[in-house]
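[1] Generate coordinates for the sequence data below:
(chains A and B)
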Amino acid sequence: MKKLLLLFVVFQTLILLTASCVTNKEADVIRFWGMGVEGEAVGKLVAEFEKENPGVKVKVQMIPWTAAQEKLISAYASGNLPDVFQLGNTWIPQFKELDALEKLNGYVLDSKTISQDSYFPGIWETNVIQDGIYGIPWYIDTRVLFYRVDDLQKAGYSSAPASWKELYEVARKIKSIKSDKNKYPIFLPTNDWSVFVIFGMQAGADLLTNDYTYGHFNSPEFKRAVNYLLKFYKNGLTPKGFTAFNNIYQAMAEGYISMFISGPWNIKEMKKWMKGNLKDKWMTSPLPAADTNGIGVSLAGGSSIVMNSQSGNKHTAWKLIEFLSRPTIQLKFFRMVDDLPARREAWESPEIKRDKFIKAFFKQLNHVKPVPKVPEWERIAFSKIQKYMEYIVYEKMSVETALKKLDEEVNSVLEKRRWLIKHGRINE
Amino acid sequence: MNNKNLKYSAMLFLSPALLAIFAFFFLPVLAAFVMSFTDFDIYSLNHLWRVRFIGFENYKKLLDDPVFWKSLFNTFYYVIIAGPLSVIVSLCAALMLNSKLIKFKAIFRLTYFMPVVTTLVAVAIVWRFIYHPRFGLFNYLLGFLGIDPVDWLGDPDYAMPAIIIMTVWKNFGYNMIIFIAGLQNIPEYLYEAAILDGANKFQLFRNITLPMLAPTMLFVGIVTMIGFFQIFTEPYVMTQGGPLDSTLSIVLYMYREGFRWWNMGYSASIAFVLFIIIFLGTIIQFKFQKRIFG
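    Residues are numbered from 1 along each chain as shown, chains lettered A, B, ... in the order given. Okay, the predicted model is just below:
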């Protein structure tokens, strides 16, 4: 009897506990997932949102960048995606194909804070698939050239190279001046597909053809870009290994590297490492163009904010997206994490305008192009392009064979897509 | 109680465990087996009508996949070199610690065992510094011998040896403890008798220590082999399989195909190939065991 009583008490407590959980749910709870520092920053920003919207609670969870994609897809598979989350804009096609993303056209049409013309066209475009808007650009990432002003001056250049020809000449000159053979004019990482893709796009290459169903890397344009970059490796103008330096900033500060191509997150680090009399010894510049002197295209990268199509609270979820897209909030966000805001209004603020290192990004942002918007892109980029570019750089394969094989493998990756299109099983 | 009743009650007592094994082991394995004959991928995750049954296509593709062969080669390379090396290092350490000449044995034992209980991820990060081509401790020491600095983790030829050295260092402590236990079980009088007969140090080791340690050795060998075949975390943390896939192990490849690119069908077929390999390895070892002790 005593045992029964005890059991009864335990059950009662359990029921009470669950009941209290249920009452808690009556308040609007929005779950948000952000990656790395961005997630952390949102955690601090949402207090203001909660104050504006009494009764609404935002639960922010931070997920690490390195495992973000696996985590998000697993969450999707188990029905645990949050209401609103951050998504790298090259991942949008994948999640759109899963029907995980809410189409935002209607929301944008009715919105007072979000409209297409406040954003850079190239960046906005990464969120649009077949006229459907699936994400709102949050912050921007594009690649520009970081360089040591003094090294370029010693080589006889007062400004950054504006064409491929100039870039190569500058590199040759710097190499001939530096006595230490461990010092390199430029750092082009071998384990990064982006440099090859950027130069390919600059040369005018279409990476995938026929409605993104076939690889097109064995084209004269892409071949030209690869051959151009290969010259840097063959002539010792860039190191082959990726662990040769503790970090790129230290290598820049110590003069081991004179130029590298990377994104906006480097500005903060560069400022940290280039101290004292090195403070004015570096600059950023838009990427050089292939043939003429000018600005070459770069990647339209960055993250967007997206809404879960299964969210039970879409109205409030959209409010949160609008909140995070406000120019003032974007500025606050910029101050916290140094991510470049997606809203052009935010770029008008003096603190961004005054920063000479950010200027190059503004210029570059008018020359950006998205990568092919297919779910397979990430796989093609990371497991196929990267692999064959490594083969080429380490001279395990000729450019001709590597690109031919790359096309073959890409075609086999895209076989499913061709089949789906042929049989009308793709939602378009 | 008759026999039948006994059977039922036994089944009754076993049923919770059997149910759990069925639900969490046999069902998923069966599902994975079926999946390995489909092209289940990211397109199919939400739309089952996009799945195709493709028969043995995945397995055929696997045989044609150079990356798969590369990962298989890497795994065998790792097991064949790191396995015996790890056992030998453990044995040497155990012999030294078992010697009567050594003082402060407990401290040494603790020190050698420390890497085993340290988190692998933390160890891997420290070792990345040790392997650093310009500032690393390893190249610094090699410098004294007049050897040029090596880009340990960046050079395709040195990345696997680098991982092997690290795992041997990390794991030898565990086997060492088992060897010490084995050594302490060898009766002292065997040595005394042999010494009276005029045996030298090497003969003692060859004719007493080694044969008496054989069962321990076999246990250590099997456990090490099984563990090493499933190498995953070391390359995942230190090199992500690179450079040039030179440290891509079969489990890492399976993970990458399955959870990075969501080619679940293909990934499942890799899993079954790995299963067959380990199964064959175990059979060979059983036969081996029978020949020695049977």
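[2] what comes up buried for the strand or helix carrying residue B:83?
    In the assignment (DSSP states H and E), residue B:83 maps to helix B:66-98. Buried residues in helix B:66-98, counted by 16 or more other CB atoms under 10 Å in any protein chain shown: B:67-68, B:70-72, B:74-75, B:77-79, B:82-83, B:86-87, B:89-91, B:93-95, B:97-98. Heads up, the C-betas are built off the backbone N, CA and C, glycines and all.
[3] buried ones in the next helix or strand after it?
    Going down the chain from helix B:66-98, the next helix or strand is helix B:105-117, by DSSP H and E. Residues B:109, B:112, B:115 are the ones in helix B:105-117 that count as buried (16+ other CB under 10 Å).
[4] Isn't residue A:192 up against residue A:386?
    Yes - contact between residue A:192 and residue A:386 holds when scored by CB atoms under 8 Å: they sit 7.3 Å apart.
[5] quick revisit: ok now the helix holding residue B:83, how far from the chain's centre?
    Distance of helix B:66-98 from the chain centroid (CA atoms, centre = their mean, to the nearest Å) equals 8 Å.
[6] Near the nearest residue to residue B:56 once chain neighbours are set aside, how many other residues are there?
    Closest residue in space to residue B:56, ignoring its immediate chain neighbours: residue B:37 at 7.2 Å, by CB to CB, 6 or more residues apart in numbering or on different chains. By the criterion of other CB atoms under 10 Å in any protein chain shown, residue B:37 has 18 neighbours.
[7] Look up phi and psi at residue B:37.
    phi -100, psi 10 (degrees, to the nearest 10).
[8] does residue A:94 sit in a helix or strand, and which one?
    Taking DSSP H and E as the criterion, the element that holds residue A:94 is helix A:92-97.
[9] same deal with residue B:190?
    Using DSSP H and E, the element containing residue B:190 is helix B:188-196.
[10] pull the CA atoms of that helix into PDB?
    Extracted in PDB, the C-alpha atoms of helix B:188-196 (Å, rounded to 0.1, in the frame of the first residue of the first chain):
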ATOM      1  CA  GLU B 188      59.500 -16.100 -10.900                       C
ATOM      2  CA  TYR B 189      60.800 -19.700 -10.500                       C
ATOM      3  CA  LEU B 190      60.900 -20.200 -14.200                       C
ATOM      4  CA  TYR B 191      63.500 -17.400 -14.500                       C
ATOM      5  CA  GLU B 192      65.400 -18.700 -11.500                       C
ATOM      6  CA  ALA B 193      65.600 -22.200 -13.000                       C
ATOM      7  CA  ALA B 194      66.700 -20.900 -16.300                       C
ATOM      8  CA  ILE B 195      69.300 -18.600 -14.800                       C
ATOM      9  CA  LEU B 196      70.700 -21.600 -12.900                       C
END
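[11] Contacts only, for the residue nearest to residue A:76 when sequence neighbours are not counted.
    Counting by CB to CB, 6+ apart, residue A:76 lies nearest to residue A:100, which is 5.1 Å off, once chain neighbours are set aside. Taking CB atoms under 8 Å, 6 or more residues apart in numbering or on different chains, we find residue A:100 in contact with A:76, A:81, A:308, A:309, A:310, B:46.
[12] Looking at neighbours, which among those is most surrounded?
    Most surrounded of these: other CB under 10 Å gives residue A:81, at 25 neighbours.
[13] Wait, residue A:225 touches residue A:202, no?
    Yes - the pair residue A:225 / residue A:202 is scored as a contact, 6.8 Å apart, by CB under 8 Å.
[14] Could you tell me which residues touch both of these two?
    Between them, residue A:225 and residue A:202 share the contacting residues residue A:290, judged by CB under 8 Å, 6+ apart.
[15] number of nearby residues for the residue nearest to residue A:160 when sequence neighbours are not counted?
    Spatially, and ignoring its direct neighbours in sequence, residue A:160 is nearest to residue A:285 (3.4 Å; CB to CB, 6+ apart). Neighbourhood size, residue A:285 [other CB under 10 Å]: 20.
[16] so what pLDDT did residue A:285 get?
    Per-residue pLDDT puts residue A:285 at 95.
[17] go on, the one 3 residues further on?
    At residue A:288 the predicted local confidence, pLDDT, stands at 95.
[18] how about low-confidence regions in the chain?
    Going with chain A. A:1-27, A:241-246, A:427-428 (pLDDT under 70).
[19] look at chain B instead
    Along chain B, the parts satisfying pLDDT under 70 run over B:1-2, B:289-290, B:292-294.
[20] Residues of it that sit close to chain A?
    Proximity of chain B to chain A is confined to B:39, B:41-43, B:45-47, B:49-50, B:52, B:67, B:128, B:131-135, B:151-156, B:242-245, B:256, B:259-262 under the rule CB under 8 Å from any CB of the partner chain.
[21] how about 6 Å then?
    By the rule CB under 6 Å from any CB of the partner chain, the part of chain B lying against chain A is B:42, B:45, B:46, B:50, B:133, B:151, B:153, B:154, B:242, B:244, B:259, B:261.
[22] what residues are up against the first one?
    Looking back up the chat, that one is residue B:42. A:375, B:262 (CB atoms under 6 Å, 6 or more residues apart in numbering or on different chains).
[23] that older thread, so what does the helix holding residue A:94 touch, helix or strand wise?
    Packing partners of helix A:92-97 (3 or more CB pairs under 6 Å, 6 or more residues apart in numbering or on different chains; DSSP states H and E): none among the helices and strands.
[24] burial of whichever residue of chain B sits closest to chain A, as a residue count?
    Nearest residue of chain B to chain A (CB to the nearest CB) works out as residue B:154 at 3.1 Å. Neighbours of residue B:154 under the rule other CB under 10 Å: 23.
[25] Which strand or helix spans it?
    Residue B:154 belongs to no helix or strand, assigned by DSSP H and E.
[26] Against residue B:219, how distant is it?
    Per CB to CB, to the nearest Å, residue B:154 is found 38 Å from residue B:219.
[27] Nearest spatial neighbour of residue A:71, chain-adjacent residues omitted?
    residue A:63 (5.2 Å).
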